[in-house]
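A.B. asks: Could you look at this predicted model? Sequence included:
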Amino acid sequence: ELLILLAFVATVLVGAALLAPVLFLASKAFLRFALEHGWKNTRALGWIIHAAEKTELPGYFDRAAMICAVVGLWPLSRLLKLSREDVIGSEWLKRSARNLVSGFIAACVVLLMAGWVFVQVGAATWKARAPWMMIGGPIMTGLCVATLEEFLFRGAMLGVLRRSLAVRAAIVWT
């Protein structure tokens with residue numbers, strides 16, 4: 001099972017290396033088309049065009065890796081013969097809403113505290129007019145990364161390790 005996980009990681013990396021140039025070239029072609037048709041200042045596409053202008057090939061590799069990993073999660077779970085209980089646990093409905101809300105609140109508190117510290121030490125500055133239309137990209141990236149990490153690490157890897165280790169040992173190794 002660990003070999004299957006290693007093969008999954010290798011497949012994701014190779015898939016990302018093959019997909020990233022395609023995404024990069026498609027993005028640049030879209031950018032040229034959008035600029036020729038005057039879409040840069042439109043509300044709906046302005047942030048996408050801005051992101052495409054400044055993103056280089058390594059940024060596309062990161063997104064390609066996320067795409068490959070998310071697409072590969074279902075086949076990975078089939079290969080590892082993971083049940084729903086292996087991936088999300090048997091107690092998931094009883095505590096999921098409470099855990100979601102408390103986790104979200106804890107993350108907000110930590111981020112706000114970190115932001116306050118960064119502003120206090122001069123590592124960051126407060127912008128009175130933040131570009132709120134640019135928030136879509138980071139939110140989508142965060143959702144994709146969080147979903148991937150939850151299913152891969154707390155789902156597949158923890159499920160595999162729990163088969164041969166005690167629960168606490170499997171959590172530590174994960």
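C.D. replies: Everything's here; your move.
A.B. asks: In contact with the residue nearest in space to the middle of the chain: list those residues for me.
C.D. replies: Nearest to the geometric centre of the chain sits residue 145, at 1.3 Å (Cα atoms, centre = their mean). Contacts for residue 145 (Cβ atoms under 8 Å, 6 or more residues apart in numbering) come out as residue 66. All C-beta atoms are positioned from the backbone trio N, CA, C, and that covers glycine.
A.B. asks: Count the neighbours of residue 154 for me.
C.D. replies: Applying other Cβ atoms under 10 Å, we find 15 residues neighbouring residue 154.
A.B. asks: What helix or strand is the residue nearest to the centre of the chain located in?
C.D. replies: Secondary structure from DSSP states H and E places residue 145 in helix 136-149.
A.B. asks: Report the next helix or strand after that helix in sequence order.
C.D. replies: Counting by DSSP H and E, the element after helix 136-149 in chain order, helix or strand, is helix 158-164.
A.B. asks: Please identify the buried residues of that following helix?
C.D. replies: For helix 158-164, the neighbour count (16 or more other Cβ atoms under 10 Å) marks 158-162 as buried.
A.B. asks: could I get the residues you listed as a markdown table with pLDDT?
C.D. replies: Output for the buried residues of helix 158-164, formatted as a markdown table (pLDDT from 0 to 100):
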| residue | pLDDT |
| --- | --- |
| 158 | 77 |
| 159 | 75 |
| 160 | 77 |
| 161 | 79 |
| 162 | 78 |
